[in-house]
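# starting from these lines, generate the structure:
(2 chains)
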Amino acid sequence: MGWLDWLSAGLVSVGAFFFLAGTVGLLRFPDVYTRLHALTKADNLGLGFVVAALALQAPDLSGAFKLLAIWTLALFASVTVAHLVARAALREGLEPWRRR
Amino acid sequence: MPALVFDGLLALGLVVLAWQAVAGTHLFRSVVLFIAFGLLMSIAWLRLGAPDIAMAEAAVGAGLTGVLLLNTLGRIGPEDVDEPDPRYTRPLRWAVFGGCLLLAGLIAWAVTARDRVAGLAPRVRDQLGESGVENPVTAVLLNFRGLDTLVEVGVLVLAVVAVASLGRPRPRPETRAWEAPPSALLDWFIPRVAPVAVLVGAYLWWAGAKLPGGAFQGGTVVAAAGVMLLLSERPLQEALAGARLRVLVVLGFAGFLTVAALSQVFGGVLLEYPVHWAHGSIVAIEIGLTLSIAACLFVLVRGAEGVYPERDAAGEDRA
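Numbering: from 1, shown residues only, chains lettered A, B, ... in the order given. Predicted structure coming up:
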């Protein structure tokens, strides 16, 4: 494996770590709103690292740009969905968690 | 060796997700697990070397079916859920489980028989030059076994007719499915992403001739754009209604049927395209199919609302 492959492997590992962190947050955080933080921030950062790793392996520049476009669209979608879920939870009357 | 570990974990994940999806009593949990199952299934298709099916599974199986199920969940209440009699369901469940084990055994035997039996791939490869396209999956779907696809699209149109004839659901006080107040973020998101979805769908249709893709995958992505529009303003929703919508629903099937009739009249054999017309016929059929599949899936998600606006206005059809 060349140095590019090692760099990709490293970036994918960092991305996997962020996905793991996001999942741990999803399981351990106390209410909907904090879990949304974990899902949108950690998971999208993880996706960014995975996309960066794959972009290094892309056959040409247009392939790398397509991967970047996928990450951007995923960002847009998760931002909007997180907002909608939080808004729906607020309208249902779910109170944000407070430290006792 | 790493591939074997990955495939083993994937298979285990599929079985666990499928079991959990049907075993729980909490319907929302079951639906979410079903969507996750669809995504893992899509990866499994990739591992089996079938990118077209993987795309279709992700788009239709996980994406659109997930939306349909969540939509239904929002419309049913506890009085709509039947509790089946355990005396029937227990032996029935064991029978289904036994049948599934038998089927799995047959599939495993067939997969391992691949070394002894050549299968149809060499024959498809030999005829691919005359089929008009370079993607063997598209060639099989729209040329060699075009009759199957024709009937399949007919079944989809029938499903839409059934849904449209059911009438609109009775209004429930708890249903807030599409009536949420406007959101500034949605107003920013939808005009930017829905056109991208239409573009991606059109690309998937166009690329299906040479690369993995095709009408079904492209049509589903365009349907997703339509479903996004359902979250937006009323006037946009009213544009996707009435005679325009009904024509789009029928367009693919009608076009396919026309090409089939022409091939019968002029060539003597049903759905045998003349070789120099093959590419053009397939492209023409696929345009109609993409638009039609998008319209059909859109109606399946939205329901009977808007298919016959005159009837909706008269209010005569509440289920």
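
# residues of the stretch 1-150 of chain B that sit close to chain A?
Taking C-beta under 8 Å from any C-beta of the partner chain, no part of the stretch 1-150 of chain B reaches chain A. Where C-beta positions appear, they are placed from N, C-alpha and C, glycine not excepted.

# so which bits of the stretch 151-300 of chain B are right by chain A?
Taking C-beta under 8 Å from any C-beta as the contact definition, the stretch 151-300 of chain B meets chain A at B:Ala180, B:Ser183, B:Leu185, B:Leu186, B:Phe189, B:Arg192, B:Val193, B:Val196.

# A:Ala86 is in contact with the second one, correct?
Yep, that's B:Ser183 we're talking about. No: the criterion here is C-beta atoms under 8 Å, and B:Ser183 misses it with A:Ala86 at 10.8 Å.

# circling back to that earlier point, which of the residues of the stretch 151-300 of chain B next to chain A fall within helices?
B:Leu185, B:Leu186, B:Phe189, B:Arg192, B:Val193, B:Val196 (DSSP state H).

# give me the residues contacting stretch B:144-151.
The set of residues external to stretch B:144-151 that reach it, using C-beta atoms under 8 Å, 6 or more residues apart in numbering or on different chains, is B:Val124, B:Gln127, B:Ser131, B:Leu141, B:Leu142, B:Phe253, B:Phe256, B:Leu257, B:Ala260, B:Leu270, B:Leu271, B:Leu289.

# hang on, the earlier thing: among the ones in helices among the residues of the stretch 151-300 of chain B next to chain A, name the buried ones.
When those are checked for burial by 16 or more other C-beta atoms under 10 Å in any protein chain shown, the buried set is B:Leu186, B:Phe189, B:Val193.

# what about the closest residue to B:Ala194 other than its chain neighbours, which helix or strand?
Distance criterion C-beta to C-beta, 6 or more residues apart in numbering or on different chains; nearest residue to B:Ala194, sequence neighbours excluded, is B:Ala225 at 4.4 Å. In the assignment (DSSP states H and E), B:Ala225 maps to helix B:215-229.

# what's that helix packed up against?
Using 3 or more C-beta pairs under 8 Å, 6 or more residues apart in numbering or on different chains; DSSP states H and E as the contact test, the elements touching helix B:215-229 are helix B:51-56, helix B:184-207, helix B:278-302.

# can you check what angle separates the last one from helix B:215-229?
To tie it back to what came earlier, the one meant is helix B:278-302. 30 degrees (axes from the mean of the first three to the mean of the last three C-alpha atoms, to 10 degrees).

# helix B:278-302 packs against which elements?
helix B:65-75, helix B:146-166, helix B:184-207, helix B:215-229, helix B:242-267.

# what lies in contact with the third one?
Think helix B:184-207. Here helix B:184-207 makes contact (C-beta under 8 Å, 6+ apart) with A:73, A:76-77, A:79-80, A:83-84, B:55, B:213-215, B:217-222, B:224-225, B:228-229, B:231-232, B:286-287, B:290, B:294.

# mind giving me the PyMOL select for the residues you listed, buried ones only?
To isolate the buried subset of the contacts of helix B:184-207 in PyMOL, counting by 16+ other C-beta under 10 Å, use the following:
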select buried, (chain A and resi 76+80+83+84) or (chain B and resi 55+213+214+215+217+218+219+220+221+222+224+225+228+229+231+232+286+287+290+294)
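
# so who does B:Val31 touch?
With C-beta under 8 Å, 6+ apart, B:Val31 has these contacts: B:Gly66, B:Leu69, B:Leu70, B:Leu73.

# quick one: the helix or strand containing it to helix B:65-75, angle?
For B:Val31, the host element (DSSP H and E) is helix B:27-47. For helix B:27-47 against helix B:65-75, the angle by the same axes, to 10 degrees is 170 degrees.

# what mean pLDDT does helix B:27-47 get?
Helix B:27-47 shows a mean pLDDT of 93.
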